[in-house]
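>>> How does the following fold in three dimensions:
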Amino acid sequence: MSILLLVDGLSASPSTVIGFGATTMMLLFATYYLSLRSRTTTGGGTSALPSSSPTSSAASSAKSSRRKTDEDDGIIEEIDSTKYPGGRLTVYYGSQTGTAQMFAKQIAREAESRGFLCDRVVDLQDVVDNDDVEAVERSRIRRRRLRRRNGDDDDDDDDDDAGRWDDDAALVRATLADPSRLDPDPDGNGGTTGGGGRSRAIFLMATYGEGEPTDNAQQFVEIMKRKSGIYNIYKVGTTTADDDDEIVPDPDGNGKTTTSAPPLPPSSRMDSDADVLGQTYRDVRTRYESDDGPELFLHDVDYATFGLGNRQYEHYNNMGRFVDASLSRCGARRVAALGLGDDDDDLEGDFENWKDGILWPALVARYVGGGGGARSTTTTTTTTAAAAMMASSSAASSLPPCPYSVEYMKSMPDDDGTSARAAAEMIQTSSRHYCQAVDCTVTSRRELRDPSDPGSTVHIEIDVSRRMDVMGYHTADNLGVLPRNETRAVEAVARALDFDLDRIFRLVPNDGNDGAVGGNSSAGVVAHSLPFPTPCTVRECLERYCDLAGSPRRSDLKQLASYAVDELDRRALLRMSSKEGKAEYKEKIVEAHVGIADIVTRLCPSISCPLEHFIMVCPRLQPRYYTISSSSTVHPTTVHITLAVLETERKNKDGDVAVFRGLCSGYLADLRSGDAVRAFVRESAFRLPREVERPVIMFGPGTGIAPMRAILQERSEMRRTMEPRQRERIGASILYFGCKNRSMDYIYRDELEAFLDEGTLTELHLAFSREKAEKVYVQHLLAGKAEETWRLIRDEKASIFVCGAVRMGADVGSTLQDIISQHDVRLFTDFVMQIDFSPPRERRSLPAMFGPDTGIAPMRAILRERLEIRRMMELRQRERIGASILYIGCKNQSLDYIYRKELEAFLEEETSTKIVRIIVHFDFASYSRQTPTVVASHSSVG
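Next comes the predicted model:
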């Protein structure tokens, strides 16, 4: 007799089918069983992380106390429960500028004092780049074993793919639910696994631009969209119940954090609809996977989320909300309320309030409880300046741990390209722009304002012909510029800290740092573990990679205090870094435009630290983005940018007034023809409509004129290459431009008038805010052209482009909404359907339908069609149909609420996800996302 054995997941090699005789099979199984028994009775290794790792103490103790026990799905590494009664924590971050990463490391540093082992801080890019084939395969087959544990012997298990997570689920589970890192569930039921452990994850999620994920979170977000069924990420904040968990930081000024709604019972507040304690995995799977719900592939994950955002942007904290909702939809259990931080106010304060007032108390209460002993006393909601000073003073004699070390070199090594690529793999994803940027030559620079204007707006042209492989661009894309610190500041810092600017060095991750940062390792190279590319000179490090001029955050001041030799300096830094010192910090650091260079050279000169520690503490120098003001068709090898030079006055401690100059704008303004600038291209949302017949309405006051100039160059070239008869096909181009005074800052005046003369620019509307007693802005001119604007939108499907300040963009959007709302609602509804809301073909939501009064007619038809589609589909296929949200209006719900019973039936059938009833009037103020505007803006919160 022969037996076929499927060997799967025992090695990194593909699954293999092998034929054996019965006797051989018995011997193999006996050998394998004995090897497993030996694993359960043999202690693990005792190697530990070195003291230079950020979590070395925690990791070292954990490794020395690990005992490996066999589970049928992997090896679980046990830790010292007396030192870490709360078990393991893993922190994940989506970061664009490094702030979310900094917050993540802060949680990791505090974990041990709260009773947790946090030896992994993971870049979300590493989750999707996981190259541990064995871990991914082990995660793929876990669902089958869970079913068998719970007696779920579905016929589907006979299929080779039954009980196996798909590629997306296995990839995410390999990190988030790694079987070797599962801890027992304190509720005593193994979560929903029926006997297994649970992993604990904290997510720090920054939102970039208009509600988008950061670069390192894009692929993770795409996977979570597919797995959770939340395809319209822009509607999470308004259509889910998770808003009840929004954190309002310290509303009463008493150091406490509250929620924006009355407290909910723990079962409804902390545990989402998918997080049913005490149920078996089979119970929950029946509710969510047998019908039309998302897959519950994160059923054994406990999580908490903090979002980093800015309220000036429409989709405030969109990524924090989405990740919180999608994790819950995929079966993970929320164990602490969602926190939202506002960079327009006090992002760091919001984070501290959430961390100290929500996160740690929730985690300690759930996982440590009374067993935490004295640890539970550390979960106070505030950390006083006095306590911080005492802690720092006791540790002042020793250096804090550092994740990397410096190796000095005699000369720069020869580079054949291989070492550069290897170095790029080691750079943190939030610093990837350092590797993407290239040096290009400035060919032209000119001042655009009149000499009588005290301000400055500069036009710069950059030759990219030698680097078209990476610097090719589309009209109105963005140019990312890497600024340089002033030579004077660099040399002052070097003198203060005794650095040799000419020495060459490279950064090397300390042994075991892969565990600290969560990077994937291959061939001894730790991925995403270093802040910038090396080798380089100390001068280049301080010039290009360290932010010496920007105001450091309060947490940076706290770290700097560890290196202050003088007690007075240390106390001052700790005082301003504390919650009680927020006002002093704002006055003396932020409003005074004090940077780290000022602190180490003037304000706290006793600070002394090695180069690697300064690199760890000092924030990274971030790129600045400028919308390209040239057409790629007219200038394919040259990039034009338009920038205003930032200059503000500041007082020093002696009362003297000095001028603070923006780092990047000042750097660019000082460039001359022949100088090199390091830059890279980033895609923009600005794109001309493919149909040349469609009009374009552009709003570009001040330097917001940049993409409009590029668009006009593009249309001018289009006209030039067309025959005269064809030129009539090109739609109207209408520009609204604004500035203070036509004789001072009316930039590109000659070009705009030339576009007008040649017929490229159809209308030019000018708003000069300082020429009359009453200030006039572009939105005021738009209101005066309401009828014409509505005609262009309704009849000719005009595209609208807005670029400039965030508030200006909001004012223009509000004026457009007013114009639309003043006209026939049926025409407005038709406009909404044609411009933005054509029914989606794939699994995307129909964002909203507006049908007041008889305008309900087309909406009713759409809902009836969707109802029929749902009835024809199998249960599992219905998830392909996105949400339908209907806004209706009438005078009185008892008099003219037409089709009421039919609409309520749609709700019961789940054809309509939500109906918003507006009685007496139609509130167009709630209508924002659907306005067909494109706002060029850049949010770099985290």
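
>>> use CA for all of it now, contacts and neighbours both
Noted.

>>> What's the local residue count around residue 452?
By the criterion of other C-alpha atoms under 10 Å, residue 452 has 9 neighbours.

>>> Strands of the stretch 101-250 of the chain, residue ranges please.
Using DSSP state E, counting those that start in this stretch, the strands assigned to the stretch 101-250 of the chain run over residues 116-123, 199-208, 212-213, 247-248.

>>> To residue 231, which of those strands lies closest?
For those, proximity to residue 231 was assessed by C-alpha to C-alpha; strand 212-213 is nearest, at 12.9 Å.

>>> which helices and strands does that closest one pack with?
helix 318-329 (3 or more C-alpha pairs under 8 Å, 6 or more residues apart in numbering; DSSP states H and E).

>>> elements contacting the helix or strand just after the helix it packs on?
Next helix or strand after helix 318-329 toward the C-terminus (DSSP states H and E): strand 333-334. Secondary structure elements in contact with strand 333-334, counted by 3+ C-alpha pairs under 8 Å, 6+ apart, are strand 301-309.

>>> I'd like to know which of the strands of the stretch 101-250 of the chain lies nearest to residue 368.
strand 116-123 (8.6 Å).

>>> Show me how the protein divides into domains.
46-382, 437-482+623-683, 484-617 (automatic domain parsing).

>>> those strands in the stretch 651-800 of the chain, which residues are they?
657-661, 676-682, 696-699, 733-739, 763-768, 799-803.

>>> Contacts for the second one, please.
Going back to what we said before, that points to strand 676-682. With contacts defined as C-alpha atoms under 8 Å, 6 or more residues apart in numbering, strand 676-682 is touched by 433, 436-442, 470-473, 477-483.

>>> got the buried residues for it?
Under the neighbour-count criterion of 16 or more other C-alpha atoms under 10 Å, strand 676-682 has 676, 677, 678, 679, 680, 681, 682 buried.

>>> Okay, residue 861 and residue 888: tell me how far apart.
Separation of residue 861 from residue 888 (C-alpha to C-alpha, to the nearest Å): 14 Å.

>>> for residue 98, that is, sorry about that
Applying C-alpha to C-alpha to residue 98 and residue 888 gives a distance of 44 Å.

>>> related to what we said a few turns ago, among the domains of the chain, which is nearest residue 856?
It is, among the domains of the chain and with distance given as C-alpha to C-alpha, domain 46-382, at 21.2 Å.

>>> quick one: contacts for the residue lying closest to residue 590 once chain neighbours are set aside?
Leaving out its chain neighbours, the residue that sits closest to residue 590 by C-alpha to C-alpha, 6 or more residues apart in numbering is residue 551, at 5.7 Å. The contact partners of residue 551, taken as C-alpha under 8 Å, 6+ apart, are 589, 590, 593, 594, 595, 596.

>>> Same question for residue 675.
441, 442.

>>> again with residue 506
If you count contacts by C-alpha under 8 Å, 6+ apart, then residue 506 has 406, 407, 408, 409, 534, 535, 536 around it.

>>> Repeat the analysis, applying 7 Å as the threshold.
406, 407, 408, 534, 535, 536 (C-alpha atoms under 7 Å, 6 or more residues apart in numbering).

>>> mind checking pLDDT for residue 526?
For residue 526, the model assigns a pLDDT of 50.

>>> go on, the one 5 residues further on?
Predicted confidence (pLDDT) for residue 531: 90.

>>> Do you have the helices of the stretch 301-450 of the chain handy? List them.
Ranges of helices in the stretch 301-450 of the chain, per DSSP state H, counting those that start in this stretch, are 318-329, 347-354, 360-363, 385-395, 418-426, 433-436.

>>> Kindly provide the whole-number mean pLDDT of the fifth one.
The reference is to helix 418-426. On average, helix 418-426 scores 64.

>>> try the last one
Averaging pLDDT along helix 433-436 yields 90.

>>> now the first one
Looking at helix 318-329 alone, the average pLDDT works out to 93.

>>> mind exporting that helix as CSV, just the C-alpha atoms?
The C-alpha coordinates for helix 318-329 follow below in CSV (Å, rounded to 0.1, in the frame of the first residue of the first chain):
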residue,chain,number,x,y,z
ASN,A,318,-9.2,59.5,7.6
MET,A,319,-6.6,56.8,7.9
GLY,A,320,-7.0,56.4,11.7
ARG,A,321,-10.7,56.0,11.3
PHE,A,322,-10.4,53.6,8.4
VAL,A,323,-7.8,51.3,10.0
ASP,A,324,-9.8,51.2,13.2
ALA,A,325,-13.0,50.3,11.3
SER,A,326,-11.4,47.8,8.9
LEU,A,327,-9.6,45.9,11.7
SER,A,328,-12.9,45.5,13.5
ARG,A,329,-14.7,44.4,10.4
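
>>> Could you tell me which residues within it count as buried?
Quick answer for helix 318-329 (16+ other C-alpha under 10 Å): 318, 319, 320, 321, 322, 323, 324, 325, 326, 327, 328, 329.

>>> and the gap between residue 609 and residue 494?
Taking C-alpha to C-alpha, one finds residue 609 at 11 Å from residue 494.

>>> returning to that earlier point: could the strands of the stretch 651-800 of the chain go into CSV alongside mean pLDDT?
Shown next, in CSV, are the strands of the stretch 651-800 of the chain (pLDDT from 0 to 100):
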stretch, mean pLDDT
strand 657-661, 79
strand 676-682, 95
strand 696-699, 94
strand 733-739, 95
strand 763-768, 94
strand 799-803, 89
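
>>> Out of those, which is closest to residue 179?
strand 676-682 (39.0 Å).

>>> In its sheet, which strands sit next to that closest one, and in what direction?
strand 438-447 (antiparallel), strand 478-482 (antiparallel) (DSSP bridges).

>>> moving C-terminal of the last one, what's the next helix or strand?
Scanning forward in sequence from strand 478-482, with DSSP H and E defining helices and strands, the next element found is helix 487-497.

>>> most neighbours, which of the contacts of residue 506?
Most surrounded of the contacts of residue 506: other C-alpha under 10 Å gives residue 535, at 21 neighbours.

>>> how about the nearest residue to that one, chain neighbours excluded?
For residue 535, the spatially nearest residue (C-alpha to C-alpha, 6+ apart) is residue 506, at 4.3 Å.

>>> From the contacts of residue 506, which land in strands?
Assigned to strands by DSSP state E, the following of the contacts of residue 506 qualify: 406, 407, 408, 536.

>>> if I pick the last one, what's in contact with it?
Applying C-alpha under 7 Å, 6+ apart, we find residue 536 in contact with 504, 505, 506.

>>> if we go to 10 Å?
Contacts here follow C-alpha atoms under 10 Å, 6 or more residues apart in numbering; on that basis residue 536 touches 408, 409, 411, 412, 502, 503, 504, 505, 506, 507.

>>> for the third one, same thing?
Contacts of residue 408 were listed using C-alpha under 10 Å, 6+ apart, and they are 503, 504, 505, 506, 507, 535, 536, 537, 538.

>>> any idea of the pLDDT on it?
Note on residue 408: pLDDT of 95.

>>> quick one on the thing from earlier: any chance of the strands of the stretch 651-800 of the chain in CSV, with distance to residue 585 too?
Formatted as CSV, those follow (distance: least, C-alpha to C-alpha, whole Å):
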stretch, distance to residue 585
strand 657-661, 18
strand 676-682, 33
strand 696-699, 38
strand 733-739, 35
strand 763-768, 38
strand 799-803, 33
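
>>> closest to residue 356 out of those?
The nearest among the strands of the stretch 651-800 of the chain, by C-alpha to C-alpha, is strand 657-661 at 35.4 Å.

>>> in its sheet, what does the closest one sit against?
strand 647-651 (antiparallel).

>>> Run a quick neighbour tally on residue 724.
Using other C-alpha under 10 Å, residue 724 is surrounded by 10 other residues.
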